[in-house]
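A.B. asks: got a predicted model here, sequence first, then my questions.
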Amino acid sequence: MHFLTVDNFYAGAKGLRAEFDANFADPLRTHAGRFVWDYWHVPGEYTHLRTPAYNYFSAKRYEAFHRYLVRWGREHLGCHDISPPWLSCYVEGCRQQPHQDLPHGPLAFVYSLTPRKRKFRGGETFISKPKSLIPPEYNRLTLFNPSLLHGVREVRGTHDPREGRLVMHGWFVNPRPFWTGPLTAAGVKRSLDRGFANVPFEKLGPGFGAFRLKIGRDGRVRSSKLLVETFKHSARVKEILLYLNQFEFGKIPAPATLTLPLRID
């Protein structure tokens, strides 16, 4: 996998979008919400408007989104936090040239608040190899490997910020195991240390992956599945799952679920 999209990601998208639209509703009205934007232009690299998302939206509305995104990252990626997201707006002539994000978190994210009916051309996130174009659909979360060459196709067709490409973006960071159920940190560490000693991770090559293990009361893995991965040798993941199925965590009073992130450099 070199990218993943999750549509209809956040139930509060409408409120975030409405707050942005309200700030630009009257072009003759001056207020703080209109003066926070940095026109970020680096010749041959970046051209777009940006501002820290946590300073732009009302505290209650932003914090609700932030908590939801962090919780989702823990449950689905085993990443326990996010970098402070940027809110970026792309109008006529804005774009990002091909680049890599290193060193940052193992997965980059782009959350789109772009209008459902786009009046501009371009604006897709592109990944050079393997070649992909990902449209900025409203309320879509896109994840991808930030070490791949990527960028944003030039936007053409509007100067109105309300009609442009509007996204929050950053990186998922701090990968470590996340679980629900009666596991303990010490017990998880012991079990993983013992299990990892037998897993030939070199077969995967560099990259990142997150796996979900269902653990029974006897401490044995009932099932395992891949949630997301960016490994160089993706075809070898099935072999690694067979090893994960052999992990043992000791008897527990109730079943548990473990999200296990693996980062191989």
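C.D. replies: Great, that's in hand.
A.B. asks: which stretches in the stretch 101-250 of the chain count as helices?
C.D. replies: Counting by DSSP state H, counting those that start in this stretch, the stretch 101-250 of the chain has helices at residues 185-196, 237-244.
A.B. asks: what's the most buried one of those?
C.D. replies: Stretch with highest mean neighbour count among those: helix 237-244 (a mean of 15; mean count of other CB atoms under 10 Å). Quick note: C-beta positions are derived from backbone N, CA and C, even for glycine.
A.B. asks: contacting residues around the helix or strand just after that one?
C.D. replies: Counting by DSSP states H and E, the element after helix 237-244 in chain order, helix or strand, is strand 256-264. With contact meaning CB atoms under 8 Å, 6 or more residues apart in numbering, strand 256-264 is reached by 74-79, 106, 175-183, 188, 192, 201, 204-215, 227, 231, 244, 249.
A.B. asks: before we move on, back to that, using JSON lines, please lay out the helices of the stretch 101-250 of the chain together with distance to residue 169 and mean pLDDT.
C.D. replies: Shown next, in JSON lines, are those (distance: least, CB to CB, whole Å; pLDDT from 0 to 100):
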{"stretch": "helix 185-196", "distance to residue 169": "31", "mean pLDDT": "95"}
{"stretch": "helix 237-244", "distance to residue 169": "27", "mean pLDDT": "93"}
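A.B. asks: residue 139 is nearest to which of those?
C.D. replies: For residue 139, the closest of the helices of the stretch 101-250 of the chain is helix 237-244, at 29.3 Å, according to CB to CB.
A.B. asks: for that closest one, packing partners?
C.D. replies: strand 207-215, strand 221-229 (3 or more CB pairs under 8 Å, 6 or more residues apart in numbering; DSSP states H and E).
A.B. asks: which strand residues bridge residue 126?
C.D. replies: Legend: beta-bridge partners of residue 126 under DSSP bridges are residue 133, residue 151.
A.B. asks: any idea how far it is from residue 153?
C.D. replies: Using CB to CB, to the nearest Å, residue 126 is found at 6 Å from residue 153.
A.B. asks: report the set of residues contacting both of these two.
C.D. replies: Joint contacts of residue 126 and residue 153 (CB under 8 Å, 6+ apart) are residue 133.
A.B. asks: residues near residue 254, how many?
C.D. replies: Counted with other CB atoms under 10 Å, residues neighbouring residue 254 total 9.
A.B. asks: how about residue 63?
C.D. replies: For residue 63, the neighbour count with other CB under 10 Å is 12.
A.B. asks: also residue 160?
C.D. replies: Look at residue 160: counted by other CB under 10 Å, it has 13 neighbours.
A.B. asks: go on, residue 124?
C.D. replies: Neighbour tally, residue 124, other CB under 10 Å: 16.
A.B. asks: check residue 159 too.
C.D. replies: Residue 159 is flanked by 10 other residues according to other CB under 10 Å.
A.B. asks: quick check: closest non-adjacent residue to the most centrally placed residue in the chain.
C.D. replies: Centroid-nearest residue in the chain: residue 109, 3.1 Å away (criterion: CA atoms, centre = their mean). Leaving out its chain neighbours, the residue that sits closest to residue 109 by CB to CB, 6 or more residues apart in numbering is residue 143, at 5.5 Å.
A.B. asks: verify the stated contact: that neighbour with residue 69.
C.D. replies: No - applying CB atoms under 8 Å, one finds residue 143 not in contact with residue 69, separated by 11.3 Å.
A.B. asks: point out where this structure drops to low pLDDT.
C.D. replies: Flagging of the chain using pLDDT under 70 yields the residue ranges 1.
A.B. asks: can I see the domain layout of this structure?
C.D. replies: Using automatic domain parsing, the domains assigned to the chain come out as 3-174, 178-264.
A.B. asks: endpoints of the last one, how far apart?
C.D. replies: Its first and final residues considered, domain 178-264 spans 18 Å by CA to CA, to the nearest Å.
A.B. asks: and the nearest residue to residue 156 once chain neighbours are set aside, how many residues sit next to it?
C.D. replies: Distances taken as CB to CB, 6+ apart place residue 121 nearest to residue 156, at 4.6 Å, with adjacent residues excluded. Residue 121 has 12 neighbouring residues, counting by other CB under 10 Å.
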